[in-house]
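K.L.:
can you look at this prediction? I've put the sequence above it.
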Amino acid sequence: MRTEPMILVALAGLALLVASRTADAAAEGDPETGARVYRACAACHSLEPGKHRTGPSLAGIWAKKAGTVEGFHRYSPALESADVSWSERTLDAWLADPEAFIPGNRMTFPGVRDQQARADLIAYLEVATAEGASPPSRPGGGGMMGGMASAEMPDLEALGPKQRVTAIRYCEDTYHVTTAAGESIPFWEFNLRFKTDSSEKGPRKGHPALLPASMMGDRAFVIFAAPEEISAFIEARC
């Protein structure tokens with residue numbers, strides 16, 4: 001009977017050892033798998049220095065203080081004032097629950113609950129953002145707007161005539177968009193959105209681009225080089 005407590009203690013120790021090894025294994029991320037996890041991030045974050053989207057570029061993220069990426073102007077006060085530098089530990093906490101880690105930030109992503117997925121994503125970022133290194137695999141992924149939501153933004157100067165806008169006419173509740181291919185496409189006013197892209201991949205001044213915003217083709221974006229072009233380009237005429 002005296003051996004029973006010893007057996008229980010031994011079993012408990014074995015269970016702790018297995019749990020510890022399992023946690024260690026989960027902490028070891030796989031960059032290849034992490035590249036696939038990153039697809040959920042690619043619409044908002046690029047890996048190229050200075051290429052900002054909804055969120056800042058992740059290039060050079062390691063050891064950088066939160067809220068300090070040069071050229072990004074949309075940080076929340078909460079992130080700018082946070083005393084956080086990015087490391088495996090802080091990134092893991094941020095990715096698990098951004099709001100809990102830095103309350104009041106503007107990150108709309110709810111977080112990655114799976115520990116292994118976070119480890120894989122962090123391992124991918126370590127490789128993909130290392131100076132002179134290439135990502136282990138391309139984090140592709142399609143989406144709306146013909147690739148606008150994928151890892152690569154389209155070159156709006158290089159679009160074909162079907163996507164180059166030459167005129168926009170507004171009549172009652174309808175925009176009539178004329179392309180360089182000679183096609184006039186009607187859009188219900190609620191389904192056509194106007195955007196700007198001042199980056200090097202944006203459209204040339206006076207030559208807005210038309211990109212689809214739905215699989216059905218009934219919604220679209222017209223992207224201008226600068227905001228002052230929008231009202232000047234649209235003619236109210238029935």
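P.N.:
Received, thanks.
K.L.:
domains in the chain, by residue range?
P.N.:
Following automatic domain parsing, one finds the domains of the chain at 24-140, 156-236.
K.L.:
so can I have a markdown table of these showing mean neighbour count and mean pLDDT?
P.N.:
Heads up, the C-betas are built off the backbone N, CA and C, glycines and all. Formatted as a markdown table, the domains of the chain follow (neighbours: other C-beta atoms under 10 Å; pLDDT from 0 to 100):
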| stretch | mean neighbour count | mean pLDDT |
| --- | --- | --- |
| domain 24-140 | 16 | 89 |
| domain 156-236 | 15 | 93 |
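K.L.:
so how far is residue 222 from residue 179?
P.N.:
To residue 222, residue 179 is 11 Å away according to C-beta to C-beta, to the nearest Å.
K.L.:
now the common contact residues for those two.
P.N.:
Both residue 179 and residue 222 are contacted by 165, 210, under the criterion C-beta atoms under 8 Å, 6 or more residues apart in numbering.
K.L.:
burial check on residue 238, number of neighbours?
P.N.:
Residue 238 has 8 neighbouring residues, counting by other C-beta atoms under 10 Å.
K.L.:
contacts only, for the closest residue to it other than its chain neighbours.
P.N.:
Among residues not flanking residue 238 along the chain, residue 171 sits closest, at 4.0 Å (C-beta to C-beta, 6 or more residues apart in numbering). Residues in contact with residue 171 (C-beta under 8 Å, 6+ apart) are 236-238.
K.L.:
export the residues you listed to JSON lines and tack on secondary structure and distance to residue 126?
P.N.:
Below are the contacts of residue 171 laid out as JSON lines (DSSP: H, G, I helix; E, B strand; the rest coil; distance: C-beta to C-beta, whole Å):
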{"residue": "236", "secondary structure": "strand", "distance to residue 126": "54"}
{"residue": "237", "secondary structure": "coil", "distance to residue 126": "56"}
{"residue": "238", "secondary structure": "coil", "distance to residue 126": "58"}
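K.L.:
just the strands in this structure please.
P.N.:
165-171, 174-179, 184-188, 192-196, 209-212, 220-224, 234-236 (DSSP state E).
K.L.:
in its sheet, what does the longest one sit against?
P.N.:
Pairing partners of strand 165-171, with direction, according to DSSP bridges: strand 174-179 (antiparallel), strand 234-236 (parallel).
K.L.:
ok, back up a step: closest to residue 216 among the contacts of residue 171?
P.N.:
Nearest to residue 216 out of the contacts of residue 171 is residue 238 (C-beta to C-beta; 25.9 Å).
K.L.:
surely residue 119 touches residue 33?
P.N.:
No: if you go by C-beta atoms under 8 Å, residue 119 and residue 33 don't touch, sitting 9.2 Å apart.
K.L.:
let me see the contact set for the residue nearest the centre of the chain.
P.N.:
Geometric centre of the chain, nearest residue: residue 44, 2.0 Å, by C-alpha atoms, centre = their mean. By C-beta under 8 Å, 6+ apart, residue 44 lies in contact with 53-55, 109.
K.L.:
closest to residue 209 among the residues you listed?
P.N.:
Relative to residue 209, the closest of the contacts of residue 44 is residue 53; by C-beta to C-beta it sits at 17.0 Å.
K.L.:
what's the distance between the nearest residue to the closest one once chain neighbours are set aside and residue 122?
P.N.:
Nearest residue to residue 53, sequence neighbours excluded (C-beta to C-beta, 6+ apart): residue 44, at 5.3 Å. Distance from residue 44 to residue 122, counting by C-beta to C-beta: 17 Å.
K.L.:
same deal with residue 41?
P.N.:
According to C-beta to C-beta, residue 41 stands 12 Å off from residue 122.
K.L.:
give me the distance between the two termini of stretch 99-110.
P.N.:
Stretch 99-110 has an end-to-end distance of 8 Å (C-alpha to C-alpha, to the nearest Å).
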